[in-house]
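A.B. asks: any chance you could fold what I've pasted below:
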Amino acid sequence: TVNARATLRPAGEAVEVDAEIGTFAAFLAGEVSSIGATVTAPGGKGRFDGHADINGEASGRLTFGADDALQTGVALGLALPDALAQKTVFGADVTYTADGRLSMRDLAVELGGNKLTGAADAEFNKRPEITAQLRGGALDFSALAGGTGSSGSGGAAAAGWPKDAIDASALGLADAVVDLSFDSLNTGGVILGASTLNLTVERSRAVVNFLPASMFGGQVRGQVVANNRNGLSVGGKLSFNGIRLERALGETAGYSRLNGEALGELEFLGAGNSVGAIMRSLSGKGWLE
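C.D. replies: The predicted model follows:
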């Protein structure tokens, strides 16, 4: 057995690695050997226990915990969103193959108070391909939207639609198929009940399918599309029933004085590099009862 300790500084701050390799001679000869490694960085710590060979193939249990995942990611030289500046816990049974395939089973993620379980697979090609099946309880991602919501006295309307450019380049980072179910979801503007969603991203075009989604006291089915292949456009085709108007208008437009139950269909399309441009180009059709 070989024990190895190292201090790395990928982004300036010290990252400590403490590893052990069983049957080291066999490992050097290309055989699979037992591997254990702990990586300690500012704000967090990760651990791997399993087996690997000198070609990089590995399988085992991977765990990670951080009081501030953003701080840890910065120390490792990773570019992470600011929303990860909170407690994060991760665990999965992982298998990685030499051709760049990663599978994760018995997957559990905790971000702040949000918990997700399930499985995921990734292929690291020129553009990564990701598939995942995830299940959550009560999810709250309002912090990602600034936690401002949409209700109020119409201040946004008085100021006009935002003209800030939308950076939709993230749609081209990877292709993905993700199935997500949850008990509830707070997006910061709209609150969903128990729902099943499917997200598909392919060559900078993302489609969210509601299968269905519980929203505004009723149900919504259909899809919403964001396409950034030749400039940004957004559209959707939705059907809904049992919708409470006071909730729908209250959560989206800050107007809650119109009461009643609604059903209908809506189809829309808009294009532009800002919310203002999209709203000025908006077209569509639908019906409401």
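
A.B. asks: what about the closest residue in space to residue 80 that isn't next to it in sequence, which SS state?
C.D. replies: Nearest non-adjacent residue to residue 80, counting by C-beta to C-beta, 6 or more residues apart in numbering: residue 73, 4.0 Å away. From N, CA and C alone the C-beta is placed, and that goes for glycine too. Applying DSSP: H, G, I helix; E, B strand; the rest coil to residue 73 yields a three-state assignment of helix.

A.B. asks: give the contact list for residue 73.
C.D. replies: 79-80, 84 (C-beta atoms under 8 Å, 6 or more residues apart in numbering).

A.B. asks: retrieve the pLDDT associated with it.
C.D. replies: With respect to pLDDT, residue 73 scores 91.

A.B. asks: could you do residue 152 as well?
C.D. replies: pLDDT, read off for residue 152, is 44.

A.B. asks: what does residue 159 give?
C.D. replies: 74.

A.B. asks: that one - how many residues pack around it?
C.D. replies: 8 (other C-beta atoms under 10 Å).

A.B. asks: return the distance of it relative to residue 218.
C.D. replies: Remark: distance between residue 159 and residue 218 (C-beta to C-beta, to the nearest Å) = 31 Å.

A.B. asks: now do the helices in the chain.
C.D. replies: All helices of the chain, identified by DSSP state H, fall at 24-28, 69-75, 155-159, 245-253, 275-281.

A.B. asks: now the strands for the stretch 1-150 of the chain?
C.D. replies: Secondary structure of the stretch 1-150 of the chain, counting by DSSP state E, counting those that start in this stretch: strands at 2-8, 15-21, 33-41, 44-52, 58-66, 88-96, 101-111, 114-123, 129-140.

A.B. asks: ok, residue 133 touching residue 117?
C.D. replies: No - in this structure, residue 133 is not within contact of residue 117 by C-beta atoms under 8 Å, at 9.6 Å.

A.B. asks: low-scoring stretches of the protein, by residue?
C.D. replies: 144-158 (pLDDT under 70).

A.B. asks: again, only this time at 50
C.D. replies: 147-155 (pLDDT under 50).

A.B. asks: related to what we said a few turns ago, with distance to residue 206 and mean neighbour count added, can I get the strands of the stretch 1-150 of the chain in CSV?
C.D. replies: Below are the strands of the stretch 1-150 of the chain laid out as CSV (distance: least, C-beta to C-beta, whole Å; neighbours: other C-beta atoms under 10 Å):
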stretch, distance to residue 206, mean neighbour count
strand 2-8, 36, 11
strand 15-21, 34, 16
strand 33-41, 32, 18
strand 44-52, 30, 17
strand 58-66, 27, 18
strand 88-96, 24, 18
strand 101-111, 21, 16
strand 114-123, 17, 17
strand 129-140, 13, 16
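
A.B. asks: save these as CSV, and put in distance to residue 179 too.
C.D. replies: As requested, the strands of the stretch 1-150 of the chain are exported to CSV (distance: least, C-beta to C-beta, whole Å):
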stretch, distance to residue 179
strand 2-8, 37
strand 15-21, 35
strand 33-41, 31
strand 44-52, 27
strand 58-66, 22
strand 88-96, 17
strand 101-111, 13
strand 114-123, 8
strand 129-140, 5
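
A.B. asks: so which of these gets nearest residue 199?
C.D. replies: strand 129-140 (9.1 Å; C-beta to C-beta).

A.B. asks: how about the CA coordinates for that closest one, as PDB?
C.D. replies: Extracted in PDB, the C-alpha atoms of strand 129-140 (Å, rounded to 0.1, in the frame of the first residue of the first chain):
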ATOM      1  CA  GLU A 129     -24.500  14.700 -23.100                       C
ATOM      2  CA  ILE A 130     -26.400  14.300 -19.800                       C
ATOM      3  CA  THR A 131     -29.400  12.100 -18.800                       C
ATOM      4  CA  ALA A 132     -30.900  12.200 -15.300                       C
ATOM      5  CA  GLN A 133     -34.000  11.100 -13.400                       C
ATOM      6  CA  LEU A 134     -34.500  13.100 -10.300                       C
ATOM      7  CA  ARG A 135     -37.000  13.300  -7.500                       C
ATOM      8  CA  GLY A 136     -37.500  16.100  -5.000                       C
ATOM      9  CA  GLY A 137     -39.700  17.100  -2.100                       C
ATOM     10  CA  ALA A 138     -40.500  20.700  -1.400                       C
ATOM     11  CA  LEU A 139     -38.000  22.700  -3.500                       C
ATOM     12  CA  ASP A 140     -37.300  26.400  -3.200                       C
END
